[in-house]
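[1] Just to be clear, the model below is a prediction. Sequence and coordinates:
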Amino acid sequence: MKRPASAALIVAAALCVAAPAFAARDLISIMRSDIRAEKTAIVTQAMHLTEEQAEAFWPVYKEYENEMIKLNDERLALVKDYTSSYDTMTGDAAKKMIDRSFKLQEARTKTLKKYVSRMSRAVDPRTAARWAQLEHALGAAIDLQIAAKLPLLK
């Protein structure tokens, strides 16, 4: 994996939550342009696909990314809601927010599992497992950056 691309992905993810004052549209535009472009470059480099594998892999990957866009929109909305209500968060609001967070994480895992199965059929199980490992690593890096930038609830 080429380090500069992965570093750029992490920096872009950090920028998404570094300043709660960013408008939601700025967060979304950063997520959609920088992170997605960097992520695709990382996946391209790390997967080492043959031409035949690439023909089968990329259509499934694009379907996965399209489903993840919806989940990422929910995630951005959750971060926005958290930062906008941080100073006035009630117990009920905190409970609802953590419930949303758990449901979102479950949906992300369910989506990845669904596409690992599809990817296994499109290419082969080893290649699908390598892709899942990569997705997990990239997701964990982004999750860590977001967690590090969001203040703990008072």
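    Everything's here; your move. Numbers count the residues shown, from 1 in each chain.

[2] Please point out which parts of the longest helix along the chain sit buried.
    Taking DSSP state H as the criterion, the chain has its longest helix at helix 51-85. In terms of neighbour count (16 or more other CB atoms under 10 Å), helix 51-85 has its buried residues at 56-58, 60-61, 64, 67-68, 72, 74-76, 78-80, 82-83. For glycine as for every other residue, the C-beta is placed from the backbone atoms N, C-alpha and C.

[3] Buried residues, the next helix or strand after that helix. List them.
    Using DSSP states H and E, the helix or strand that follows helix 51-85 towards the C-terminus is helix 91-122. Residues of helix 91-122 classed as buried: 97, 100, 104, 107-108, 111-112, 115-116, 118-120, 122 (neighbour count, 16+ other CB under 10 Å).

[4] How far off centre is the helix or strand harbouring Lys39?
    Assessed by DSSP H and E, Lys39 sits inside helix 36-47. With CA atoms, centre = their mean, to the nearest Å as the basis, helix 36-47 stands 13 Å off its chain's centre.

[5] what's that helix packed up against?
    Applying 3 or more CB pairs under 8 Å, 6 or more residues apart in numbering; DSSP states H and E, one finds that helix 36-47 contacts helix 3-18, helix 51-85, helix 125-149.

[6] Just want the angle from the longest helix of the chain to helix 36-47.
    140 degrees (axes from the mean of the first three to the mean of the last three CA atoms, to 10 degrees).

[7] packing partners for helix 51-85?
    Looks like helix 51-85 contacts helix 3-18, helix 24-30, helix 36-47, helix 91-122, helix 125-149 (3+ CB pairs under 8 Å, 6+ apart).
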